[in-house]
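> here is the input, now give the coordinates:
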Amino acid sequence: MKKTDTGLNHIPRRLFYTIGAMLVIFFVLALLVSFRYYSNAKFNIYRLPDHWTITYKGKVFHDVDLSQVHLPTSDCKRGDSIVMERQLDVMEDDPITLCLYTRHSQVNVMLDGKSCYMSGYQEMLEKRMVGSGYHFVLLPAINYGRQLKIVINAAQDGVLVEDPQVYVTPTGHAMEHFVRERALGLFIGVFIFVAGIGIMMVSIPAMLADKGFYPLSMIGIFSVFAGMWCLTSIKALEIFTMDLSRCSVIEYFSLYMLPIPMNELARYFYGRQRRFFDRLFLISSRVDMIGIIVISVLYLMRWINISSGLVFFHGLLLWEVFFLLADTVVRWRKSDVAEKLFGGGIVSMCVTGAVYICLYHFGGRKFSSETIVDTLFMPCAFLFMEVLVTIGFLMSVYAKRMSHAQHEKLLRMAYKDDLTGLYNRNKGEELLSSLREKEEPFALVNFDLNFLKRLNDNFGHEAGDAYIQTFADFLKSSFVGKSICRMGGDEFLVILTGKSSTREVAGKLLHDLIRKVRAYNLSPDRRFLMDAAIGIAGSDEVASGDPESVYRLADQRMYQMKVRTKRGRHGESEQEL
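As a prediction, the model looks like this:
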C-alpha cells in the first residue's frame, strides 16, 4: 500500500511482524515446555479401568470395564448415587493418591469400609453449590488387596458422568501429573490472564484522560475473565486451592461476565456505522448484566445454585454469536483492516465457543473429565481473539491519529501563512465573523508595512520576505496570546478581545512594539529600515458593533496615517496613540 504524506494509509508493518514473532516464540516455548514436561515423567500412573462392581439405581453391574461400558446416567436426578467397588492391586512402598473427577456431586471414599475422604457434604448442609473438579484422596502405602469403595451422590440433576475414571499415582507426584496433563492450557490461560491485568493497568488510568482507551480497557477485562475461565474450566485452579465450590463459582461467574466486554467491543468496531447493531449489542450487555445481578443475589440468598443460570447465559451467548457472525460476514468486504482483525477473532472465538456449548449440553455427561476443547481449543481461541482484537484496536487508533494529523495539516494549510507562521486572511475573516457571535467587546489593530515594494525592487524578494518575517516576529513578541493575521502582502491585523480589547490596552502593547522597532532601526546590524502605518478601532466606537464596520474604521485610520506621514512615522505614531 502506498504511503501518503500524512501516513494515513500506511499500515505499521513492524507492529504485525513484532506481534507475530512474539506469538510464534510463545507457542514454540509452550510446546517445548509441554513436551519436556511430558517426556520427563519418571513415575508410575496406575489406571483402574476394570474389575469394578458398580451399583446404580438398584442395578448391580459386575466386572465392569469403565473404558468400554457407559452407565445409563442420562436421566439421573438429584440424590441418585453411583457406588463403585473393587480391590486395590497397586503395589507401592510409598503413600499413593487416588484421583477422581466428578461434576457437582458429593464424594465418599472408603477403604475396607472406613471412610477416608468426604467432599461436598458440608456444602450441601450450608446450601452452597457443590463444585466440579478433581478429588485427590491420600491412601496409605500398604494397600494391596484392600477393598476400595467410592460413593458418588448427585447434588444436581444430570451431573453424573457415564464413565467415571479413577487412577492412582505416588503421592509425591500427584500434583505434578495433574499439571502435566494440562500444561499447555495452563500456560495459555495464565498468559491471557496476566496480559489482561497488564492491559487494564495501562488502559484504565489512560481512559480517565482519554475516553478513546475505553475499548482497550474492555479488551483487558475480556482477557482477565477469559483467562480465569480457561484456568477454572481445565481445573488448573486446584493447583492453588482445593475448594471445588469456590473454583466452580469463579468458573461460572467468569463465563457469565464474558459477553459484556465482548458486546462493548462489538459496539466499538461494528456499532459506529450501524445503529441497529449498536443498540442490539447494548441491549445484550444490559440483559447480561441484569442476569448476573439476579443470579448473584439469588445465589447469595441460597435460593439457587449459580450454575442455574448456565442455560440462560449459553443461550444469550449463542444469540450474540449468531449476530456477530452475521454482521462479520455481511460487512467483511467493506470493513477496514481493524474491523477485519476483530471479525477474524470473533469468528474463531464464536465457532469454538459454539462447539463447546453444543458438546457441553449434548455430550457433557459422556465425558469423565475435561476434553481437548477445554484444555486446548478454547484457550487458543481466546488467545487468538485477544491478539487480533488488540491489533485491531491499535490499527483503529493509528488510523484515527493519522486522520487527525491529516486534518491538522489541512487546517494549517488552510489557515496558516507559510512565510510568517501567523494566521492567513481566511482565518482572519473567520475570526472576524466569530466576533459577531460572541457579542463581547473587542478592538482591532491594522498594520501596513512601508517600503516593501522598494525593498523588493532594489534587493530582491528574499530581502522583502526577511522584512515581513522580522516584523511578524515583533508582533508575536508584543501581542502574546492574541490573534495575529497576515491579511495580505504587507498588511497585518491584531484582534484583541475581552479585558484586553480597550484602545488603552492596545496602546500599551503598541508602545512595546514601537520600542522594539525603534531599537532595531537604531541597531548597526539592521538590514533595512522598518516602518509601518497603524490604525486602531474598538467595537464601542461603532453603533452596531459590527466587526466588518470596526475593521473598515481601523483600516481607514491606518490609511490616513499613511498619507499624513511618510518619515519619522514611529514618533508620530507614538503621539497619535
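
> and the strands in the stretch 401-550 of the chain?
If DSSP state E, counting those that start in this stretch is used as the criterion, the strands of the stretch 401-550 of the chain fall at 442-449, 483-486, 491-497, 532-538.

> of all the ones you listed, which one is nearest Gly198?
Ranking these by their distance to Gly198 (criterion: Cβ to Cβ) puts strand 483-486 first, at 45.4 Å. Backbone N, C-alpha and C define where each C-beta goes, glycine included.

> what about the closest one, distance to the chain center?
Here strand 483-486 is found 43 Å from its chain centre; the criterion is Cα atoms, centre = their mean, to the nearest Å.

> what's the answer for stretch 51-68, then?
Its chain's average C-alpha position is 52 Å from that of stretch 51-68, according to Cα atoms, centre = their mean.

> average pLDDT for stretch 237-248?
Throughout stretch 237-248, pLDDT has a mean value of 86.

> show me what counts as buried in it.
Residues 237-238, 244-245, 247-248 are the ones in stretch 237-248 that count as buried (16 or more other Cβ atoms under 10 Å).

> ends of it, how far apart?
10 Å (Cα to Cα, to the nearest Å).

> what lies in contact with that stretch?
If you take Cβ atoms under 8 Å, 6 or more residues apart in numbering as the criterion, stretch 237-248 is touched by 104, 119-120, 123, 128-136, 175, 178-179, 186, 231-232, 235, 250, 306-307.

> can you rerun that using 7 Å?
For stretch 237-248, contacts defined as Cβ atoms under 7 Å, 6 or more residues apart in numbering pick out 119, 123, 128-134, 175, 179, 231-232, 250.

> could you flag which of these are buried?
Here, 16+ other Cβ under 10 Å leaves 119, 123, 128-134, 231-232, 250 buried among those.

> can you list those residues in JSON lines and add distance to Asn153 and secondary structure?
Listed next are the buried ones among the contacts of stretch 237-248 as JSON lines, based on distance: Cβ to Cβ, whole Å; DSSP: H, G, I helix; E, B strand; the rest coil:
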{"residue": "Ser119", "distance to Asn153": "10", "secondary structure": "strand"}
{"residue": "Glu123", "distance to Asn153": "12", "secondary structure": "helix"}
{"residue": "Arg128", "distance to Asn153": "15", "secondary structure": "coil"}
{"residue": "Met129", "distance to Asn153": "15", "secondary structure": "coil"}
{"residue": "Val130", "distance to Asn153": "9", "secondary structure": "coil"}
{"residue": "Gly131", "distance to Asn153": "14", "secondary structure": "coil"}
{"residue": "Ser132", "distance to Asn153": "14", "secondary structure": "coil"}
{"residue": "Gly133", "distance to Asn153": "16", "secondary structure": "strand"}
{"residue": "Tyr134", "distance to Asn153": "17", "secondary structure": "strand"}
{"residue": "Leu231", "distance to Asn153": "27", "secondary structure": "helix"}
{"residue": "Thr232", "distance to Asn153": "23", "secondary structure": "helix"}
{"residue": "Ile250", "distance to Asn153": "24", "secondary structure": "helix"}
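
> closest one to Phe474 out of those, please.
Leu231 (68.5 Å).

> so that closest one sits against Gly189, correct?
Yes: taking contacts as Cβ atoms under 7 Å, Leu231 lies within contact range of Gly189: 4.3 Å.

> and Ser335, how far is that from Gly343?
6 Å (Cβ to Cβ, to the nearest Å).

> of the two, which one has the most company?
Gly343 (23 against 18; other Cβ atoms under 10 Å).

> would you list every one of the helices in the stretch 301-450 of the chain?
Secondary structure of the stretch 301-450 of the chain (DSSP state H, counting those that start in this stretch): helices located at 310-330, 337-363, 372, 378-415, 425-438.

> any regions of the chain where pLDDT drops low?
1-24, 26-43, 271-274, 361-371, 402-408, 410-412, 499-503, 565-577 (pLDDT under 70).

> which element is the residue most central in space within it on?
The centroid of the chain falls nearest to Leu216 when counting by Cα atoms, centre = their mean (1.8 Å). If you go by DSSP states H and E, Leu216 is part of helix 214-233.

> residues of that helix that come out buried?
215-233.

> circling back: so which of the strands of the stretch 401-550 of the chain comes closest to Pro140?
Using Cβ to Cβ, the nearest of these to Pro140 is strand 483-486, at 90.7 Å.

> pretty sure Pro164 sits in a helix.
No: using DSSP: H, G, I helix; E, B strand; the rest coil, the assignment for Pro164 is coil, not a helix.

> count of residues packed around it?
22.

> residues contacting it?
Taking Cβ under 7 Å, 6+ apart as the criterion, Pro164 is in contact with 66, 82, 84, 100, 152, 368.

> in strands, which of those appear?
82, 84, 100, 152 (DSSP state E).

> residues making contact with stretch 107-114?
Applying Cβ under 7 Å, 6+ apart, the contact partners of stretch 107-114 are 98, 100, 115-120, 135, 137, 139, 146-152.

> any idea how far the nearest residue to Asn424 once chain neighbours are set aside lies from Asp531?
Once flanking residues are discounted, Asn424 sits nearest to Asp417: 4.5 Å by Cβ to Cβ, 6 or more residues apart in numbering. Noted for Asp417: a distance of 21 Å to Asp531, by Cβ to Cβ.

> Leu216: what's it in contact with?
Taking Cβ under 7 Å, 6+ apart, we find Leu216 in contact with 199, 203, 393.

> repeat that for Gly428.
Contacts of Gly428 by Cβ under 7 Å, 6+ apart are 485, 487, 493.

> that's a strand at Tyr167, yeah?
Yes: using three-state DSSP, the secondary structure at Tyr167 is a strand.
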